[in-house]
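Participant: could you look at this predicted model? Sequence included:
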Amino acid sequence: MRRILENIKIAFNSLFLNKLRAFLTMLGIIIGVGAVVAVISVGAGTEAAITENMQSIGTNILTISPARDTSTGPGRPGGGERNGGIMVMMDSMDSDEETAAGELHLEDAYALKAGSSLINESVAIVSSGMDSTISYLSWSGQVSIIGTTEEYFPVMGYEIENGSLFTGSDISNLSNVAVIGNTVVDDYFGMIDPIGETIKINGKNFTVIGVLNSIGTGTFGADPDNSVYIPITTAQNKLTGENTIDSIIVKVKSEELIEQATEEITAILRQQHQILPDGLNDFTVSSSTQLLEMASSISETISYTLGGIAAISLLVGGIGIMNIMFVSVTERTREIGIRKAIGAKNRDILIQFITESIVLSLTGGIMGIGFALLISWILKTFTDLTSLITAYPIVLALSFSTIIGLVFGIFPAMRAASLNPIDSLRYE
């Protein structure tokens, strides 16, 4: 143990004697460890934010989306495709079940609410292609426009801060009313009370009747605070010109009834769409748990892919350590000869130089963690990204940097150990 501590002390003395060279040598390790830890931490933070958001909505939520055609045979026997069909992002989830291209309509949401005994609410949404220009006085910009029904807000857990929400009467009358998020208020109204003010959405006048409480980052990176919510019928008739909807959110009475509710919803929609017994579904039903698993899988894949790319700089740093250790062996040839002359064995020289290589790499790794903390602070302060630094990436990065120091330090150490003491003493 005393010999190991002595080798570590010699290693640090060597670092302090050549501070600039040691820092430049460690730079690849510092950047590599910092990048790996930061990337994995951002992925973990994003996954945690998505999980928190989905859990705040509830695990008893089902999302129904129009399907795309995944069949190898005819599309939908017994129910031809209506208006060409549409494809939505939610349908990109992997599924072993074949589907036919189809559409959803507002009547489908009403049919589910009326026909299912297992659900509390059925909410229709129009949002595809609804990033629109809104303007107020001299200010204008792009925001997300969500066309939906009055049940959307309690289902999503959104609460009103000022004013009121639109009602079933507004939906029946195709009213030009809007509920806006907090970011919209800050960007367009400032200190002005927005209630009762008129905004233009794609050139059409809408009266602001309500402001939502601040919500924060939504599911899959959506920003509910930078959104404008309008009656779904108004969106269909005055903005999109389409009678289709993008999705239906269903709130099941309890999480335990999810599977049973999925079967009941499927039966109702098949009847609603007049699909024959041997026909393919033209819709997909996804639970919030499935969406969470998909989001977590995507986030994890991206994090580890980017982390792997960042780890390349660790290998570059390892090569730098090996090169500088070879230089160190050459510079200290006479020292090695003296140590051997007074009784040091080849093993002692080997262990000393390997220790120096590991100390160099591990010190770079520790500095890299500091660099990762700095990156995380910058991301939290100046961007919307969430970073969650856990023990796992830190232990992984430090272990990897230690292994790099060991692997890339072996060859210089073996060269130092194999030097002839007589030739070493003669070296100038």
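Facilitator: Yep, it's here. Since the structure is predicted, the reported quantities are computational estimates derived from the model, not experimental observations.

Participant: quick one, helices of the chain?
Facilitator: Using DSSP state H, the helices of the chain run over 2-17, 19-57, 106-115, 152-156, 168-172, 182-188, 232-234, 258-272, 288-331, 333-341, 346-382, 391-417, 421-426.

Participant: wait, which of the ones you listed is closest to residue 99?
Facilitator: For the helices of the chain, the distance to residue 99 is smallest for helix 258-272, at 11.5 Å, taking Cβ to Cβ. From N, CA and C alone the C-beta is placed, and that goes for glycine too.

Participant: mind listing what's buried along that closest one?
Facilitator: Buried residues in helix 258-272, counted by 16 or more other Cβ atoms under 10 Å: 258, 261, 262, 264, 265, 266, 268, 269, 270, 272.

Participant: using CSV, write out every CA atom in that helix.
Facilitator: Output in CSV follows, covering the C-alpha atoms of helix 258-272 (Å, rounded to 0.1, in the frame of the first residue of the first chain):
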residue,chain,number,x,y,z
ILE,A,258,-57.4,0.2,-19.7
GLU,A,259,-57.3,-3.2,-21.5
GLN,A,260,-61.1,-3.7,-21.2
ALA,A,261,-61.7,-0.1,-22.4
THR,A,262,-59.4,-0.6,-25.4
GLU,A,263,-61.5,-3.5,-26.5
GLU,A,264,-64.8,-1.6,-26.0
ILE,A,265,-63.4,1.4,-27.9
THR,A,266,-62.3,-0.8,-30.7
ALA,A,267,-65.7,-2.4,-31.0
ILE,A,268,-67.5,1.0,-31.0
LEU,A,269,-65.2,2.5,-33.6
ARG,A,270,-65.4,-0.5,-35.9
GLN,A,271,-69.2,-0.2,-35.8
GLN,A,272,-69.0,3.6,-36.2
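
Participant: okay, angle between it and helix 288-331 too, please.
Facilitator: 120 degrees (axes from the mean of the first three to the mean of the last three Cα atoms, to 10 degrees).

Participant: so which elements touch helix 258-272?
Facilitator: strand 61-66, helix 106-115, strand 247-252, strand 283-287 (3 or more Cβ pairs under 8 Å, 6 or more residues apart in numbering; DSSP states H and E).

Participant: quick check: mean pLDDT of the second one?
Facilitator: Right, the one you point to is helix 106-115. Mean per-residue pLDDT for helix 106-115: 91.

Participant: residues near residue 289, how many?
Facilitator: Using other Cβ atoms under 10 Å, residue 289 has 14 neighbouring residues.

Participant: neighbours around the nearest residue to it once chain neighbours are set aside, how many?
Facilitator: Spatial nearest neighbour of residue 289, excluding adjacent residues (Cβ to Cβ, 6 or more residues apart in numbering): residue 59 at 6.1 Å. If you count neighbours by other Cβ under 10 Å, residue 59 ends up with 14.

Participant: go on, the one 4 residues further on?
Facilitator: As a burial measure, residue 63 scores 18 neighbours (other Cβ under 10 Å).

Participant: is it bridged to anything, and to what?
Facilitator: residue 249, residue 286 (DSSP bridges).

Participant: that one and residue 248, how far apart?
Facilitator: Look at residue 63 and residue 248: by Cβ to Cβ, to the nearest Å, they are 7 Å apart.

Participant: again, but for residue 118
Facilitator: Distance of residue 118 to residue 248, given as Cβ to Cβ: 15 Å.

Participant: again with residue 348
Facilitator: For residue 348, the distance to residue 248 equals 74 Å [Cβ to Cβ].

Participant: the more surrounded of those two?
Facilitator: residue 248 (25 against 15).

Participant: which one of the helices of the chain is the most hemmed in?
Facilitator: Per-stretch averages of neighbours, counted by mean count of other Cβ atoms under 10 Å, single out helix 232-234 among those, with a mean of 22.

Participant: what sits up against that helix?
Facilitator: For helix 232-234, contacts defined as Cβ atoms under 8 Å, 6 or more residues apart in numbering pick out 106, 124-126, 147-149, 170-172, 174-177, 245.

Participant: still on that earlier bit, show me which pair in the buried residues of helix 258-272 is furthest apart.
Facilitator: 258 and 272, at 20.5 Å, using Cβ to Cβ across these.

Participant: output the below-cut-off pLDDT ranges for the stretch 201-350 of the chain.
Facilitator: Residues of the stretch 201-350 of the chain meeting the criterion pLDDT under 70: 217-222, 288, 290-292, 295, 310.

Participant: let me know the closest of the buried residues of helix 258-272 to residue 231.
Facilitator: Comparing the buried residues of helix 258-272 against residue 231 with Cβ to Cβ places residue 272 closest, at 22.4 Å.

Participant: residues contacting the nearest residue to residue 380 once chain neighbours are set aside?
Facilitator: Among residues not flanking residue 380 along the chain, residue 387 sits closest, at 5.9 Å (Cβ to Cβ, 6+ apart). Counting by Cβ under 8 Å, 6+ apart, residue 387 touches 38, 41, 42, 44, 45, 375, 376, 379, 380.

Participant: what about 10 Å?
Facilitator: 37-46, 48, 372-373, 375-380 (Cβ atoms under 10 Å, 6 or more residues apart in numbering).

Participant: repeat that for residue 170.
Facilitator: Residue 170 neighbours (Cβ under 10 Å, 6+ apart): 149, 150, 176, 177, 209, 230, 231, 233, 234.

Participant: gap between the last one and residue 113?
Facilitator: In other words, residue 234. Distance of residue 234 to residue 113, computed by Cβ to Cβ: 20 Å.

Participant: hmm, back to that, will you turn the contacts of residue 170 into CSV that also has distance to residue 203?
Facilitator: Output for these, formatted as CSV (distance: Cβ to Cβ, whole Å):
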residue, distance to residue 203
149, 25
150, 26
176, 12
177, 17
209, 20
230, 14
231, 18
233, 19
234, 14
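
Participant: please indicate which of these are buried?
Facilitator: 149, 150, 176, 177, 209, 230, 231, 233, 234.

Participant: the closest residue to residue 397 other than its chain neighbours and residue 254, how far apart?
Facilitator: Nearest residue to residue 397 in three dimensions, chain neighbours excluded: residue 33, at 4.4 Å (Cβ to Cβ, 6+ apart). Noted for residue 33: a distance of 46 Å to residue 254, by Cβ to Cβ.
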